[in-house]
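1. Need a 3D model of the sequence below.
(chains A and B)
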Amino acid sequence: MAATPVAVPLPAGRPARARTTSALATLARRRAALTAANPRQIAVPLLTPIMFATVIAPALKTALGGLHTNIDYTAFVSVGTVGLLVPLAATFAGLSVLVDRDSGAQRELLAAPVPRALLVLGNLLVVLALCAFQVIALIGVAALRGADFTISASGVAWFTGAAVLFAVLSYGIAETLASRVPKQEEYIAATPAIAIVPWFFAGALFPIAALPAALTAFAKVLPLTHALALMRYGLVDPKGTGLHDIWGMSNTTAEAWLSLGVVVAFAAALTLLAIRVFSRSAVR
Amino acid sequence: MNAIEVAGLSKTYAGGVEAVRSIDFDVPAGEVFGLLGPNGAGKSTTIGMLTTTIVPTAGRARLDGHDVARDPLAARRVSSVVFQEPVVDRGLTGRANLELHGRLWGVGADATARRVAELAEVLGLSEQIDREVGSYSGGQRRRLEIARALVSSPRVLFLDEPTVGLDPRIRHELLDVIAALRAREEMTILLTTHYLDEAQRLCDRVAIMHRGEIVGLDRPAALLAGLGAEILELRVSGDASAALASLRDRGVATDAAFAVGSTVTIPLAGRPAADAIAAVNDSGVRAAGVTTRASTLDDVYLRLTGAELAAAA
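-> Now for the predicted structure:
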C-alpha cells in the first residue's frame, strides 16, 4: 500500500442526474466489456449450429435427398439452426447474470440511481448484438458451404425482424430463469429443456407437417416455430411453406403478419416477465 | 439538518424472522455514525433498507430528505455504499469499475476522470488502477470499492463492515483511509462493524444493535462514562451469575455489573481497586483470577446485551 493518505479531495460539484438513455448505454457497455473479456461466450454457442449447417445438413441432403421441393435443404437447416444458436447465446448471457449476482457487481448496480429495468435491458442490448454477430457468421459460413439463399430487401427485413424478436424472447426466458434459480448448477441443468428441446419440435430440421398430428399441433404454439417459418419466408422460401403448415391460409403475407404477431407477443410478455422477476428477486 | 432519518424501521423476512425491530435514529449531516453488533444483529439489513436493496416491512427512512421507499432513485442518487462482501466486476480494470459508477451516478466524463485520478492517488491505487480487478489483493480491492463509492461525491456514505476479512496491517491502513474521509465536511458516514475499537476510533456516535433492536445510542465517551473509567474483572470457577448475585447482595457490585461466561465484570465507578478486591475477598466468592483494566466499548456492549460479542461475530 502507498503512504497513508491524509486527506480526501473535496467534491468538485454535485453530479447531474443521469439520463435514462445514458444509463442504458452505460449498462450495455459494461456488459459488452465483460462479454468481450470472455471470448468463449462468443465462440462456443456458434460451434454446434455451424456443424449442423456445414456438415450435418449437406450430409442429410446427400443421404436422404433433401426436402424434395425447390427449397435447398442446406439453407433450410442453416436457418433452422438459428433456432438453436440464439437460445444458446441467450442462455450463456443469462449465466452472466448469475455470476453478477454471486460474485460480481450486481449489488452496486442495484444501489445505482437508475431504474432496475435498465439492468435487464442493458444486458438484452448486448445479447442482440452478440446474436447478430453469430447469426451473420452462421449464415455466412452456410453460404460459403453452398447453401442457396434467396436475398431480397423485404426478405431480409422479415428474417431480421423474426431473428431479433426471437432473441428478445429467448433472453427473456434466460433472464427470468437466472433470477429464479439459486445456483448456477440448477441453471445449467435447465438449459437443455429451454434451449434445445423446443428446437426438435419447431421444424428446424424438417417441416412440422412431417410430425405426427399431435406434435404438429404442439409445434404450432411454440414461438420458435413461428420465428423459423418467418426467417425461412425471408431467406429461403418466399412461398411461405412453413407459414402454410402453421396457419393453412392462402394469403402468405397475412400468415407472416400473424406469425410476427405471435413472436412479438411472446417477446413482449417474456421481457416484461424478466424485468418483473429480476426487480422482485433482486431485492429482499 | 439530518442526513439520515430512521423512524420505526422494521424488517421481517419470509418465514417470520424479525431482522430489524422498529429502530429509530437520526444522523446529522457530517457525522460518522456507527452501528455496532455481532453478525445477525440487523446491521446489514438496516443498510440494505437504507440503500433500497431490502424492502422495509414497516417504518420510514430518509436520506438527505428523500424517502427511500417513495423516492428510491433520489435516495440512491445522494448515497453510495461499500458492501460487506466484494462487489466488483473482476473482469474489468479498476478504472473501468470507477468510471462505471461515475456514469451511473450522472457524473460527467471529465469530472469522473478527474475524480478517478484524485481518488486513485489518495487511496494508493495509482499503480493498480489499469489492471484487472481479479489480480488485486483483498486490501487493494477494498480500497477500490471505497474509491468507487466516492467517485460520485455522495452526501451519505454507507460502509458495511469495511474491514472484515482483512489482515491486521491492511485493516489499520484502511481505518486511516476512513478517518481521512472525515475531512469531507459535507459527507455523512454510516459505518457498521463488530470491531468495537473501530467504532471507538472513527465514530461520533454509535448505536448498539442486538437482535434487531437498538439497545444503546450515544457518543462512545458517553457510553463509556456510564461504566466509569476502570473495570474489575473476576474469573470464577463456578456459576458466574450466582457469584454476581452474591456480590450484589453484599453491595460489592452495583446493577451496572454483569456476568458473561465465567467472568464477572464490575465497573469501579471511582472506587479504589484495592478496596473492591478486598470486598470481593470478604464476600466469600472464590475468584480464580482478578484483574483491573480500563473500560471499553466491549464492556458497554456486553452490559447492554449480555452476549459475548467476539463469539457471536
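2. tally of neighbours for residue 64?
-> You didn't pick a chain, so chain A it is. 11 (other CB atoms under 10 Å in any protein chain shown). (Glycine included, C-beta is placed from N, CA and C.)
3. actually it's chain B I care about, not the one you picked
-> 19.
4. go on, the one 4 residues further on?
-> A total of 24 residues lie near B:Val68 under the criterion other CB under 10 Å.
5. same thing with the one 3 residues further on?
-> Neighbourhood size, B:Asp71 [other CB under 10 Å]: 15.
6. any idea how far chain B is from the residue nearest the centre of chain A?
-> Nearest residue to the geometric centre of chain A (CA atoms, centre = their mean): A:Ala167, 2.6 Å. Distance of A:Ala167 to chain B, computed by CB to the nearest CB, to the nearest Å: 23 Å.
7. That residue belongs to a helix, doesn't it?
-> Yes: assessed by DSSP: H, G, I helix; E, B strand; the rest coil, A:Ala167 belongs to a helix.
8. doesn't A:Leu88 make contact with it?
-> No: using CB atoms under 8 Å, A:Ala167 is not in contact with A:Leu88; the gap is 11.3 Å.
9. For the residue nearest to the centre of chain A, which non-adjacent residue is closest in space?
-> Leaving aside its sequence neighbours, A:Ala167 sits nearest to A:Cys131 (CB to CB, 6 or more residues apart in numbering or on different chains; 4.3 Å).
10. element containing the one you found, please.
-> A:Cys131 is part of helix A:117-144, with elements assigned from DSSP states H and E.
11. Report all helices and strands that that helix contacts.
-> helix A:20-36, helix A:39-51, helix A:73-103, helix A:106-110, helix A:153-180, helix A:252-282 (3 or more CB pairs under 8 Å, 6 or more residues apart in numbering or on different chains; DSSP states H and E).
12. Could you identify which of these has the lowest mean pLDDT?
-> Looking at the helices and strands packed on helix A:117-144, the lowest mean pLDDT belongs to helix A:39-51 (a mean of 78).
13. is any part of that helix close to chain B?
-> No: Helix A:39-51 lies out of reach of chain B by CB under 8 Å from any CB of the partner chain, never closer than 11.0 Å.
14. Now do the next helix or strand after that helix: distance to the chain's middle.
-> Using DSSP H and E, the helix or strand that directly follows helix A:39-51 along the chain is helix A:57-64. Between the centre of helix A:57-64 and the centre of its chain there are 27 Å (CA atoms, centre = their mean, to the nearest Å).
15. now for helix A:57-64, which elements pack on it?
-> helix A:73-103.
16. which of the residues in the helix it packs on are buried?
-> Neighbour counts over helix A:73-103 (16 or more other CB atoms under 10 Å in any protein chain shown) mark A:73-101 as buried.
17. and A:Thr54, how far is that from A:Lys61?
-> A:Thr54 sits 12 Å away from A:Lys61, going by CB to CB, to the nearest Å.
18. typo on my end, it should be A:Val264
-> Taken as CB to CB, the span from A:Val264 to A:Lys61 is 33 Å.
19. give me the low-pLDDT residue ranges for chain B?
-> For chain B, residues meeting the criterion pLDDT under 70 lie at B:182-185, B:306-313.
20. Going along the chain, name the helices of it.
-> B:43-50, B:72-77, B:94-104, B:109-122, B:138-151, B:168-181, B:196-202, B:220-225, B:240-249, B:273-283, B:297-305, B:309-312 (DSSP state H).
21. Among the ones you listed, which comes closest to A:Ala32?
-> A:Ala32 lies closest to helix B:94-104 among the helices of chain B, at 11.5 Å (CB to CB).
22. And the contacts of that closest one?
-> For helix B:94-104, the surrounding residues in contact (CB atoms under 8 Å, 6 or more residues apart in numbering or on different chains) are A:15, A:18, A:22-23, A:26-27, A:30, A:33, A:105, A:108-109, A:112-114, B:80, B:88-89, B:92, B:109, B:111-113, B:115-116, B:119-120, B:125, B:128-131, B:133, B:136, B:144, B:147-149, B:151-152.
23. and what of stretch A:132-148?
-> Against stretch A:132-148 from outside (CB under 8 Å, 6+ apart): A:42, A:45-46, A:49-50, A:53-54, A:57-58, A:72, A:74-75, A:78-79, A:81-82, A:85-86, A:89, A:149, A:163, A:235.
24. mind listing what A:Lys239 touches?
-> A:Thr252.
25. Against A:Thr252, how distant is it?
-> In terms of CB to CB, A:Lys239 sits 7 Å off from A:Thr252.
26. now B:Asp24
-> 69 Å.
27. re earlier: just send the helices of chain B back as CSV, with mean neighbour count and distance to B:Ala3 too.
-> CSV is the format used below for those (neighbours: other CB atoms under 10 Å in any protein chain shown; distance: least, CB to CB, whole Å):
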stretch, mean neighbour count, distance to B:Ala3
helix B:43-50, 25, 11
helix B:72-77, 21, 11
helix B:94-104, 24, 20
helix B:109-122, 18, 21
helix B:138-151, 24, 15
helix B:168-181, 17, 14
helix B:196-202, 20, 16
helix B:220-225, 16, 20
helix B:240-249, 17, 41
helix B:273-283, 15, 43
helix B:297-305, 22, 23
helix B:309-312, 14, 28
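28. Between those, which one is closest to B:Arg60.
-> helix B:43-50 (10.0 Å).
29. Centre of the chain to that closest one, how far?
-> That offset, for helix B:43-50, works out to 12 Å (CA atoms, centre = their mean).
30. Stretch B:262-274 now?
-> With CA atoms, centre = their mean, you get 27 Å for stretch B:262-274.
31. List of residues touching that stretch?
-> Taking CB under 8 Å, 6+ apart as the rule, stretch B:262-274 contacts B:227-237, B:240, B:243-244, B:247, B:252-254, B:256-259, B:276, B:285, B:292, B:295, B:299, B:302-303.
32. List only those of those flagged as buried.
-> For those, buried by 16+ other CB under 10 Å: B:227-228, B:230-232, B:234, B:236, B:240, B:243-244, B:247, B:252-253, B:257-259, B:276, B:285, B:295, B:299, B:302-303.
33. so who does A:Trp247 touch?
-> A:255, A:258-259.
34. ok, now with 7 Å
-> With contacts taken as CB atoms under 7 Å, 6 or more residues apart in numbering or on different chains, A:Trp247 has the following neighbours: A:255, A:258.
35. From chain B, how far off is it?
-> Relative to chain B, and taking CB to the nearest CB, A:Trp247 is found at 46 Å.
36. swap in A:Asp237?
-> In terms of CB to the nearest CB, A:Asp237 sits 42 Å off from chain B.
37. measure that residue to A:Tyr73 for me?
-> 11 Å.
38. try A:Val283
-> 50 Å.
39. Torsion angles phi and psi at the spatially closest residue to B:Ser283 that is not a sequence neighbour?
-> Leaving aside its chain neighbours, B:Ser283 sits nearest to B:Arg250 (4.8 Å; criterion: CB to CB, 6+ apart). When read as degrees, to the nearest 10, the backbone of B:Arg250 gives phi -90, psi 0.
40. State the distance from B:Arg250 to chain A.
-> 51 Å.
41. what sits against B:Leu92?
-> Here B:Leu92 is in contact with A:33-34, B:132-133 (CB under 7 Å, 6+ apart).
42. Try it again at 6 Å.
-> Taking CB atoms under 6 Å, 6 or more residues apart in numbering or on different chains as the criterion, B:Leu92 is in contact with A:Ala33.
43. where does the stretch 101-250 of chain B come near chain A, residue by residue?
-> Counting by CB under 6 Å from any CB of the partner chain, the residues of the stretch 101-250 of chain B close to chain A are B:103-107, B:111, B:118, B:122, B:124, B:152-153, B:173, B:176-177, B:180-181, B:183-184.
44. now with 8 Å?
-> Of all the residues in the stretch 101-250 of chain B, those lying near chain A are B:101-108, B:111, B:114-115, B:118-119, B:122-124, B:126, B:139-140, B:143, B:148, B:150, B:152-153, B:170, B:173, B:176-177, B:180-181, B:183-186, going by CB under 8 Å from any CB.
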